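In: coordinates for the following, if possible.
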Amino acid sequence: MIDGYLGVDIGSISTKAVIIDDKNNIVAQEYIWTEGNPIEASKHVIKCLKNQIKDKNIDVKSVGTTGSARNLIGSMLLANVVKNEITAHAIGTLSIFPKTRTIFEIGGQDSKIIIIENGIVIDYAMNTLCAAGTGAFLGSQARRLGLNVEEFGDIALKSNNPTKIAARCTVFAESDLVHKAQIGYKKEDIIAGLCMAVVSNYLNNVGKGKNIKPPIVFQGGVSKNVGVIKAFEVATSEKIYVDKNAHLMGALGVAILSKKGEQRQKFNFDVSEMNFNTKGIECEKCANRCEIVCFYKEGKLIDAWGNRCERGFKIS
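Out: Model prediction:
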């Protein structure tokens, strides 16, 4: 029997999950859209992973969660480790590129930069206020041009003269893109210009004031876009490293952390068949009147959060 460790990264756009072995090799993986329902998305990836390992003689010993819904899904999966995205992404990246000093990460709706020295995170920044320059931004521009976003990178590489696109704001970028198309700019030049604009927006906002040093690793869903990779290399004059599992780094990192964590227990895949739901209530036990989220499994309250005193957790 092989010991396995589960990591789940539940983001606003996508949910990622991996099972690793003792050597941090990924033995099963799944990536789906969250679609505004992290509970159902997590149940789905768990079911998929169960099917992937059913003939591999793997015994999952622990669970870690990260991402925007990490606390919710951590309660659902009885995770022994619940970690923020910065830590999870850093650990996952360092397991593959141990000399990493800078991590660029661009996801569906947010982006981040992580600065590392001697294997330790010393600085970071996140952009969660505006979708300009994220995967959602690129997806909307692709649809406007009648393309699949997966085609963007290869088309961008055909350009010898990228068009300058104002991408500080999604609305301005769309107006500029339409204008450039109407006056006759080539599609490949517009797309290459969008990739350059994404990089410029990222470096001037998320990366502003950061001491960016090589080796630089790029990850997140947008790292699959070769046009954006090239734009980063032009802007930084450095080689940009991208792993084939760049979109899974958060899940990989938290799986590694769960393996190192205490209070391990065998994971029950039957959780994918159980009923979970949440209910928001206002606590009336003191003047704070906290807004509390109650979490139920099969109709039984198993956790609650949002209160500023211990009385809120006793609500049934």
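In: secondary structure class for residue 294?
Out: strand (DSSP: H, G, I helix; E, B strand; the rest coil).
In: contact partners for residue 104?
Out: For residue 104, the contacting residues are 113, 202, 207, 216, 217, 218, 219, 223, 232, 240, by C-beta atoms under 8 Å, 6 or more residues apart in numbering. Every residue, glycine included, has its C-beta placed from N, CA and C.
In: turn those residues into TSV, columns for pLDDT and distance to residue 60.
Out: Shown next, in TSV, are the contacts of residue 104 (pLDDT from 0 to 100; distance: C-beta to C-beta, whole Å):
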residue	pLDDT	distance to residue 60
113	95	32
202	87	36
207	90	37
216	98	33
217	98	28
218	96	30
219	92	24
223	87	28
232	94	36
240	97	34
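In: inside helices: which ones of those residues?
Out: Applying DSSP state H to the contacts of residue 104, the entries found in helices are 202, 232.
In: for the residue nearest to residue 70 when sequence neighbours are not counted, list the residues it contacts.
Out: For residue 70, ignoring the flanking residues on the chain, the nearest one in space by C-beta to C-beta, 6 or more residues apart in numbering is residue 82 at 5.2 Å. Residue 82 makes contact with 64, 65, 66, 70, 71, 74 under the criterion C-beta under 8 Å, 6+ apart.
In: and the gap between the fourth one and residue 291?
Out: With distances taken as C-beta to C-beta, to the nearest Å, residue 70 is found 19 Å from residue 291.
In: still on that earlier bit, could I get the phi/psi values of the residue nearest to residue 70?
Out: According to degrees, to the nearest 10, the main-chain angles of residue 82 amount to phi -130, psi 120.
In: by neighbours, which of the contacts of residue 82 wins?
Out: Of all the contacts of residue 82, the highest neighbour tally under other C-beta atoms under 10 Å goes to residue 66, namely 33 neighbours.
In: and the gap between that one and residue 176?
Out: Distance of residue 66 to residue 176, given as C-beta to C-beta: 36 Å.
In: ditto for residue 57
Out: Distance of residue 57 to residue 176, given as C-beta to C-beta: 56 Å.
In: repeat that for residue 306.
Out: Residue 306 is 42 Å from residue 176, where distance means C-beta to C-beta.
In: more neighbours, those two?
Out: residue 176 (20 against 15).
In: in what helix or strand does that one lie?
Out: helix 170-182 (DSSP states H and E).
In: rewinding a little: beta partners for the residue nearest to residue 70?
Out: On the basis of DSSP bridges, residue 82 is bridged to residue 65.
In: hmm, residue 231 and residue 203 touching each other?
Out: No. Judged on C-beta atoms under 8 Å, residue 203 makes no contact with residue 231 at a distance of 10.0 Å.
In: what touches both of these two?
Out: By C-beta under 8 Å, 6+ apart, no residue touches both residue 203 and residue 231.
In: more neighbours: which of those two?
Out: Taking other C-beta under 10 Å, residue 203 and residue 231 do not tie; residue 231 has more neighbours (25 against 19).
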